[in-house]
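*Asks:* attaching a predicted model along with its sequence, questions to come.
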Amino acid sequence: MSGVQSIRRAFALMRALAVGPAGVTELAERAELPKSTVARLLAALETEGAVEQVEAGGEYRLGDALADLAGAAAPGYNLVTATRPHLVELMSQIGETCGLSILDNDAVYYLDHVEADEEVMVRSWTGEHIPVHLVPSGLALLCSAPEDQVHYHLDRPLVRTTPHSIVDPKIIKARIAEVRNKGYLWFFQEFDESINSVASPVYGADGSVLAAIHIHGPSFRFPGDYDKAEIGNLLLETSQRLAEQLV
């Protein structure tokens, strides 16, 4: 293989691993590469710490060296790398777009989305900022915030974007308590009349909220026939698994 071709194939292999751990055969299928090539590249990447085996003779996963480089390249990237496999699994279970967000100054900032393979989709909001009171991720992100920070976000004129938008600070504070107690929160057509969504906080080891993960979909279809509590609990379980991984 030429040097350029080797680099391209190595990146294809690491993108395949970003979906989740896998063995040589599955990785060859994901990356559309010969098994012999995958085995050779894995050996080289393992030497550099870019990949590692979960256990001897078992599946491979992305290594710490790659995560360190990603973290130096862009704030939040380590979080995106850790979260994406969970979003992929969640999307495959529910069939709707799943995303990751953090609190950025006075707004929710969407770091990443895994989009559903549907003819009718909600557009990707990755890289967008949304006022915290208009999406469930915003209230999930305020779960561990001190009272003065909550006041900072809510004690100001709050915009409405649909007739369903809730702008009463007392109601919003009660909903923050709800997501804190239940572990998830639903919003119906509050940011956009065509969107319903549910979010759950991801807690750090110190009890502070690191991020929020959510599922959103067209209001005519989501949650549809799904039980809202069942979806909420599935999202909560995913956020708890992610939190354990990040500790």
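*Replies:* Arrived safely, thanks for sending.
*Asks:* the most centrally placed residue in the chain: what's it in contact with?
*Replies:* What sits nearest the mean C-alpha location of the chain, by CA atoms, centre = their mean, is Leu100, with 3.1 Å. Shown in contact with Leu100 (CB atoms under 8 Å, 6 or more residues apart in numbering): Leu79, Val80, Thr83, Leu87, Tyr110, Leu111, Asp112, His113, Ala211, Ala212, Ile213. All C-beta atoms are positioned from the backbone trio N, CA, C, and that covers glycine.
*Asks:* ok, the second one touching Tyr110?
*Replies:* So that's Val80. No: assessed by CB atoms under 8 Å, Val80 is found out of contact with Tyr110, at 10.7 Å.
*Asks:* which one of these two has more residues nearby?
*Replies:* Set Val80 next to Tyr110 and count neighbours by other CB atoms under 10 Å: Tyr110 wins out with 22 against 17.
*Asks:* that one looks like it's in a strand, true?
*Replies:* Yes: Tyr110: assigned to a strand according to DSSP: H, G, I helix; E, B strand; the rest coil.
*Asks:* mind checking pLDDT for it?
*Replies:* Predicted confidence (pLDDT) for Tyr110: 90.
*Asks:* returning to that earlier point: got the contacts of Leu100 as JSON lines, with distance to Val132 and secondary structure columns?
*Replies:* Shown next, in JSON lines, are those (distance: CB to CB, whole Å; DSSP: H, G, I helix; E, B strand; the rest coil):
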{"residue": "Leu79", "distance to Val132": "19", "secondary structure": "helix"}
{"residue": "Val80", "distance to Val132": "20", "secondary structure": "helix"}
{"residue": "Thr83", "distance to Val132": "20", "secondary structure": "helix"}
{"residue": "Leu87", "distance to Val132": "21", "secondary structure": "helix"}
{"residue": "Tyr110", "distance to Val132": "12", "secondary structure": "strand"}
{"residue": "Leu111", "distance to Val132": "15", "secondary structure": "strand"}
{"residue": "Asp112", "distance to Val132": "18", "secondary structure": "strand"}
{"residue": "His113", "distance to Val132": "18", "secondary structure": "strand"}
{"residue": "Ala211", "distance to Val132": "14", "secondary structure": "strand"}
{"residue": "Ala212", "distance to Val132": "10", "secondary structure": "strand"}
{"residue": "Ile213", "distance to Val132": "16", "secondary structure": "strand"}
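*Asks:* tell me where this protein has helices.
*Replies:* Counting by DSSP state H, the chain has helices at residues 3-18, 24-31, 35-47, 64-73, 77-94, 136-141, 147-154, 169-182, 228-246.
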